[in-house]
Each structure stands twice: as structure tokens, then as C-alpha cells.
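Novice: Let me see the structure of the following:
(2 chains)
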Amino acid sequence: MDNTQISILILDDEPIVTKRLKPSLQKKGYLVETFTKSIDAINRFKEKPFDIVITDLKMEGMDGMEFLTQVKEMRPETEVIVITGFATMDTAKESFQKGVLDFLAKPFKLSEIHEAVAKAEKKILDQKE
Amino acid sequence: MRILVAVDKNPYSSYVVHEVGKLAINTWSDITLLGIMDPKEAPNRNIENSDLAKTLLDYREIITFYYPKGECPYSIEEISSFLKLDENRFIGMGKGGLKTLKIIIRKGSNIVNEILKQANEDEATLIILGCNKTNGCKWGDLDVPARIGNQAPCSVLIVKENKSPKQIVCCLDHDYISQNSLELINQIVTLYKAELKIVGVAEGGSLKVKFENTMKNLFMYYLKQDIPMWLEVIDSSIFPTFVNQISQENLIAIWLGKKSFLRKFLPNEKIINLINTAPSSVLLLR
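Specialist: Down below sits the predicted model:
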């Protein structure tokens, strides 16, 4: 396995979203794991620090904002991309205040996610240099 | 979300820009403001001095004004010149910004084709354009919004007025409901804080099992999303009349895939007629 491969955790409570994103990002060469429950995602993140997290906001149990807050507390260098079907000015502002790299309202094209992930990857690689 | 906003110099386009501003402040979408210039009227140089360019720059300012100072995700840098992309396309864009807000001017005599070309180039998720409800929704003599609504590869919102709808009435396609269209409905409902009504069409007074399941799944989906919704089933024989009545006061959304079930009752000419005559805004979902 290539040690420099970028790892991505995707959390969305709608399986159709994770099923769409996973293969398209794997094709680009990323290591991708998907979750539909935030508790499972946070437990996995505690075991394995991911480079990039893509998370929905509106979910049962721990919502995406709480999830990304915990991710950033545990590992500030993880780049977070928010995807949301119920975007509001407040959630956009709060997301950026918590240090997310990008905020994508659904529906989005795969190319939008690819661009956001490429931006995150560049930032991660620049920081490593 | 990538929004293509097709505008001209008429007042209805300024209503559209305000609606885009409201949507953008929630969604932080990438936005293209598109103006089409007749090649006969296009200046050979300094396109930024044209009336269309000035109008587009004003519209850009309207969108950025929706944000409190220091919170705009788009570049607010002044655009003093446009870059020529090729013989027929010019771009105006400020540097920086978390999100893209660009102005594109295309030279072309076929407005509909130019809008569709830009939608493809941008991989737009949504096209928004406006028209005056008192003149049959025309741009000059052409029913541009109706043609875009009919031919676009993505969803299209045709804005006819600058008032927020109280109810979003979605006419369901039984065969295929794209995830994109559900997500777009969610954003529109969130934007307007409107009630949601899902309407299914029954043929010959009976419902097919598949259709019942679709309605049930949608009900469960919106229940899970905590969005209050109404379900209504109407018979296909009254569907065109129903659509006309609903469009008097509410934003009407119609699922229109290539092989949409609704095409049986709303063929192209009826869709064009609906768009041209509906007093309220129309959303065509794909």
C-alpha cells in the first residue's frame, strides 16, 4: 500500500450519497471509508486519523456539526468538507468558524467534490513539505 | 451546488438576482451570471463598457450585498476589465473568495442555445432565469424561459415574482425521482420556510403498487428529515387543470426526466404553455 495515499472518511446518513461518492473518490486514488451513523464514524476516527472528512450536517444522534467539532478537536490538521441538503446561512458560517475547508450544498456534481478534495489534498501536502 | 443565472437588462432579471442572493446566502453556491449579447450589437473591444456588462456588474454587487461585511464567500474585488476567453466568450471575475461568482458574456444570436451551452460548460446543477408574468414569459418575442425549461439537462427555476411562496407543490414522477431533485426541493423548502405538498397522479382512478410505494418512501424520507409535508393524489384526467390552479399561488415543481410519466399529461407544448401562463414561479426538476 502506498503510504502517501490520502485517506478520506465520508459520513452521510443517506447510503445513496456514500455509495455515489466512494467509488468516484477511490478511482481518483484515495483510500475511502464510508459511514451512515455518526457514532460509528467517530469511533473509527478515534482508531484511525483520516486526512480528509466529508460530512453531512443533519443526522440523527450526533449531528454533523458536533461530529466535525470533535474531529477538529482530536486532529486539527484533518481537512473537513461539509455537504448538506438543508443549507442555511448559520450552518455555513458556523462550519467555517469551526475551520472547515469547504461547504457544499446538495445537490452537487461529483466534479465539485473532486475539486474540494483536491484543494484539501493540496493543503495537506503543502503543510507536510 | 452550481447555479447558472441567465439574465438580461429587463427588470424581471433584477428580481431573479435577488432570489439568487437569498439562495446563495444559504447555500454558498458557485454562481455564473450569464448575459447574451447579439453579435451585431457587440463592441469589438472593451466589452466591459457595454450596457450588458454594466448590468451584470450591478447584479454581481446585489448578490454580494446580501452578506454582512466581511462574511461574503465571493470575491468583492472590483472588476475593471473582462478577459476574452475566445471570439464569443468573455469572463469577469474577481480574485480570491471561497466560492466562485463569475460573469460570463456570450456573443450569440440564439439565446437558448447559448444558455444551454453555458449550462453544459459549467456542469450547472440549476439554471435560474426570470420573466415578466404579464407578457407571457417572453424575452422580447422569444419564450426563452419555457424553452430552457424544456431542454435543459438540469433543473430549472423560472422566477416570475419577488415574493416568497407559502407552499411548494411538487408533482411526482412515479418512475424515477432523482436524488438531485429531492435535494433541490429540500434547499428550496429550507430557503422559503414553505410547506411542502407532494402530488401523485393516478390513472383511471387507481393507484399502482409501485406508485404507492414511491409515495410511502417519500413520506418516510421527509418524516426523517423533519419536514412537514402533505400528500395528495389526483386523477390524471384533471392533472392539467390542477396544475393551472396550483400555479396561481404556489411555487409549482414538476419532476421532468427524459421519460417522465408526467410527460403523458404534460407534453412539450403544455409545459411551454404552463411556464408561459403560470402566475407564480415554476421549478422543473431533473
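Novice: Could you give me the buried positions within the host helix or strand of residue B:91?
Specialist: Element membership for residue B:91 (DSSP states H and E) is strand B:89-92. Residues B:89, B:90, B:92 are the ones in strand B:89-92 that count as buried (16 or more other C-beta atoms under 10 Å in any protein chain shown). Any C-beta I mention is one placed from the backbone N, CA and C, and that applies to glycine too.
Novice: With distance to chain A added, can I get these in a markdown table?
Specialist: Listed next are the buried residues of strand B:89-92 as a markdown table, based on distance: C-beta to the nearest C-beta, whole Å:
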| residue | distance to chain A |
| --- | --- |
| B:89 | 20 |
| B:90 | 23 |
| B:92 | 21 |
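Novice: quick one, what contacts the residue of the stretch 1-150 of chain B found nearest chain A?
Specialist: Relative to chain A, the nearest point of the stretch 1-150 of chain B is residue B:27 (3.5 Å; C-beta to the nearest C-beta). Contacts for residue B:27 (C-beta atoms under 8 Å, 6 or more residues apart in numbering or on different chains) come out as A:87, A:92, A:105, B:1, B:187.
Novice: And the fourth one, how far from residue B:63?
Specialist: Read that as residue B:1. 14 Å (C-beta to C-beta, to the nearest Å).
Novice: the more surrounded of these two?
Specialist: Higher neighbour count among residue B:1 and residue B:63: residue B:1, with 25 against 22, using other C-beta atoms under 10 Å in any protein chain shown.
Novice: Hmm, residue A:106 and that one touching each other?
Specialist: Yes - counting by C-beta atoms under 8 Å, residue A:106 is a contact partner of residue B:1 at 7.1 Å.
Novice: in stretch B:70-79, what counts as buried?
Specialist: B:72, B:73, B:74, B:75, B:76, B:79.
Novice: Now the two most distant members of these.
Specialist: Maximum pairwise distance among the buried residues of stretch B:70-79 (C-beta to C-beta): 16.8 Å, between B:73 and B:79.
Novice: interface residues of chain A facing chain B?
Specialist: Neighbours of chain B within chain A, by C-beta under 8 Å from any C-beta of the partner chain: A:14, A:16-17, A:20, A:58, A:60, A:85-89, A:92-93, A:96, A:102-109, A:111-112.
Novice: Go ahead and flag the most central residue of chain A.
Specialist: residue A:54 (1.4 Å; C-alpha atoms, centre = their mean).
Novice: Sheet-wise, list the partners of whichever strand or helix holds it with their directions.
Specialist: For residue A:54, the host element (DSSP H and E) is strand A:52-56. Sheet pairing of strand A:52-56 (DSSP bridges) gives strand A:7-11 (parallel), strand A:79-84 (parallel).
Novice: Show me the residues of chain A next to chain B that map onto helices.
Specialist: Cross-referencing the residues of chain A next to chain B against helices under DSSP state H gives A:16, A:17, A:20, A:89, A:92, A:93, A:96, A:111, A:112.
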